[in-house]
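K.L.:
Quick one, what's the 3D model for this:
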Amino acid sequence: MYDVIVIGAGLVGLGTANALQEQHPHLRLLILDKENGVAVHQSGHNSNVVHSGIYYTPGSLKARLAKQGNRTIYEFCQQHGLYYDRCGKVIVATQLKELPLLENIYQRGLKNGLDVSHLSQAQLKEREPYVNGLEAILVPDAGIVNYPEIAAKLAEIIQTQGGDIYYQQQVQGIHEHGDYVEVQTQQTHYQAKWLVNCAGLHSDRIARLAGYKTDMKIVPFRGEYYVLDSSKNYLVNHLIYPVPNPDFPFLGVHFTRMHNGKRDVGPNAVLAFKREGYNKTDFNLRDLAEVLTYKGFWNIATRYFCEGMAEMRRSFSRQLFTENARQLIPDLQPEDITPGPAGVRAQALTADGKLVDDFHFVKGRRSLHVCNAPSPAATASMEIGREIVRRYFTEL
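P.N.:
Purely as a prediction, here's the structure:
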């Protein structure tokens, strides 16, 4: 009998387990994951950017926990000797019509309590000489880390403090009783007083196993990246972002200086035909059928049809992808980039076709379900865990 079982050994699950141990040092804790190690999916397939919280609605969990998580991630890396680079990023307006949108982002950053500043065209060129821009915002707290390395260190700390982590444990059943919850995997049964579902791409399914309707469904969007040829690394000094398209709920193609010295270009955003579909050819009939029979998907597909088709075309054309990226760096050529890694974003979608905008928790009798934790969840992961403990597990 454990005190708490956490499902999912990604950053949110590990951050939650770490926060539980902080609050309750003698906790009997178990983490279950269906894979062979930590951070196998979203946590290990992202841009490794430490976000600031500039884009998010003031007062939202995303805004607050991203800002707090930004500081916490850097402190954690410094404390444990892990890689981090608080290099800052620029958000660049390349057209006159984007200037009011850029100003809106700047004002939102101020409302969220962030250290942001305007850059003139000359100041932008001094920082990023090859960027085409009329004006920009500098966000100095944004940076780069190695999230799989952070996840591995969190797992080590959790185990050192007496927590168990069992891999290859795919959850197949959950039964809540009066004073405990039972979790069934293909190998065995586990019992605990409480359960926390941090299953990411499968969080809605885990909630359903426990008997809860979440009124949302995870729809997987694949983000595909290219890698800049090392001979052209001089084109990108730090992090370079466009002004997001207000008609499309993603940040757009950007340039990222990675922890390994490489420069990633991307991502786009296309529907994945499998919840863990990192390749164009990945396909799962159940996953795709759930999406195509979901009213919410067709509502959002209709609303963003033109933008979605443009993303699909860029997915299959390096030339079109390069043309999009050249809005920021005109010197970029198709031969300068090669296909790189991809990630899948677990985005919760409601039946009326709205993307769930904030982190979202569903409380059960003996369980808590983290049902929407897309970006900036990696940045905010340790603070998401502390928020969960403050709200639901002050006493155990």
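
K.L.:
pLDDT weak spots in the protein?
P.N.:
246-249 (pLDDT under 70).

K.L.:
can you tell me which helix in it is longest?
P.N.:
helix 61-80 (DSSP state H).

K.L.:
Need the residues that contact that one.
P.N.:
50-53, 56-57, 82-84, 86, 112-114, 141-143, 145, 150, 153, 357-359, 376, 379-384, 387 (Cβ atoms under 8 Å, 6 or more residues apart in numbering). Quick note: C-beta positions are derived from backbone N, CA and C, even for glycine.

K.L.:
And the nearest residue to E387 once chain neighbours are set aside, how close does it get to P341?
P.N.:
Spatial nearest neighbour of E387, chain neighbours left out: L65 (6.2 Å); criterion: Cβ to Cβ, 6 or more residues apart in numbering. From L65 over to P341 the distance is 26 Å, taken as Cβ to Cβ, to the nearest Å.

K.L.:
between these two, which one's more packed in?
P.N.:
L65 (26 against 17; other Cβ atoms under 10 Å).

K.L.:
helix/strand/coil for S231?
P.N.:
Counting by DSSP: H, G, I helix; E, B strand; the rest coil, the backbone at S231 sits in helix.

K.L.:
Can you give me the neighbour number for it?
P.N.:
8.

K.L.:
so what's it up against?
P.N.:
S231 neighbours (Cβ under 8 Å, 6+ apart): none.

K.L.:
circling back to that earlier point, list the buried residues for the longest helix of the chain?
P.N.:
61-70, 72-74, 76-77 (16 or more other Cβ atoms under 10 Å).

K.L.:
And the contacts of helix 61-80, which of them are buried?
P.N.:
50-53, 56, 82, 84, 112, 114, 141-143, 145, 150, 153, 359, 376, 379-384, 387.

K.L.:
From these, which land in strands?
P.N.:
Within those, residues falling in strands by DSSP state E are 50, 84, 143, 145.

K.L.:
So what sits opposite the third one in the bridge?
P.N.:
When you say that, I think you mean G143. Counting by DSSP bridges, G143 forms beta bridges with V50.

K.L.:
wait, doesn't it sit right on V50?
P.N.:
Yes. If you go by Cβ atoms under 8 Å, G143 and V50 touch, sitting 4.5 Å apart.

K.L.:
list residues touching both of those two?
P.N.:
Common neighbours of G143 and V50 (Cβ under 8 Å, 6+ apart) are 74, 84, 86.

K.L.:
Strands of the stretch 101-250 of the chain, start to end?
P.N.:
For the stretch 101-250 of the chain, the strands defined by DSSP state E, counting those that start in this stretch cover 117-119, 135-139, 143-145, 164-166, 171-176, 181-185, 189-197, 217-228, 239-242.

K.L.:
so how far is F283 from the nearest residue to W194 once chain neighbours are set aside?
P.N.:
Sequence neighbours aside, V4 is the residue nearest to W194 in space, at 4.8 Å (criterion: Cβ to Cβ, 6+ apart). The gap separating V4 from F283 is 36 Å, by Cβ to Cβ.

K.L.:
So these two - more neighbours on which side?
P.N.:
V4 (24 against 12).

K.L.:
Tell me which residues touch D164, please.
P.N.:
So, once contact is read as Cβ under 8 Å, 6+ apart, D164 ends up touching 2, 29-31.

K.L.:
ah, wrong one, I meant Y212
P.N.:
Counting by Cβ under 8 Å, 6+ apart, Y212 touches 362, 364, 367, 369.

K.L.:
Show me what the residue nearest to the third one when sequence neighbours are not counted bridges to in the sheet.
P.N.:
Just to be clear, that refers to S367. Nearest-residue entry for S367: L195, 4.1 Å, with adjacent residues in sequence omitted and distances by Cβ to Cβ, 6+ apart. Beta-bridge partners for L195, by DSSP bridges, are I5, S367.

K.L.:
what's the distance between L195 and R318?
P.N.:
Shown here: L195 relative to R318, a distance of 45 Å by Cβ to Cβ.

K.L.:
Those two: which has the busier surroundings?
P.N.:
The neighbour count for L195 versus R318, taken as other Cβ under 10 Å, is higher for L195 (29 against 14).

K.L.:
Can you name the residues that contact that one?
P.N.:
Contact partners of L195, counting by Cβ under 8 Å, 6+ apart, are 4-7, 174, 176, 181, 183, 210, 364, 366-368.

K.L.:
Was I right to think N372 contacts K354?
P.N.:
No. Contact status for N372 versus K354: not in contact, 11.5 Å apart, counting by Cβ under 8 Å.

K.L.:
So which of these two has more stuff around it?
P.N.:
Each of N372 and K354 has its neighbours counted (other Cβ under 10 Å); N372 has more, 25 against 15.

K.L.:
Now for that one: which residues touch it?
P.N.:
Going by Cβ under 8 Å, 6+ apart, N372 touches 203, 216, 346-348, 356, 358-360.

K.L.:
can you pull the buried residues of stretch 267-281?
P.N.:
267-278.

K.L.:
try stretch 177-188
P.N.:
Residues of stretch 177-188 classed as buried by neighbour count (16+ other Cβ under 10 Å): 181-183, 185.

K.L.:
Kindly report the same for stretch 30-45.
P.N.:
Buried, per 16+ other Cβ under 10 Å, within stretch 30-45: 30-35, 38-45.

K.L.:
Run through the bridge partners of the closest residue to R391 other than its chain neighbours.
P.N.:
Nearest non-adjacent residue to R391, counting by Cβ to Cβ, 6+ apart: F361, 7.5 Å away. Beta-bridge partners recorded for F361 (DSSP bridges): V370.

K.L.:
F361 against R390, yeah?
P.N.:
No. With contacts counted by Cβ under 8 Å, F361 stays clear of R390, the gap being 11.8 Å.

K.L.:
So between those two, which is more surrounded?
P.N.:
F361 (18 against 11).

K.L.:
what sits against the more buried one?
P.N.:
Contacts of F361 by Cβ under 8 Å, 6+ apart are 368-371, 388, 391-392.

K.L.:
can you map out the helices along the protein?
P.N.:
11-23, 61-80, 99-111, 121-127, 147-160, 203-209, 285-292, 295-303, 305-316, 318-325, 377-392.
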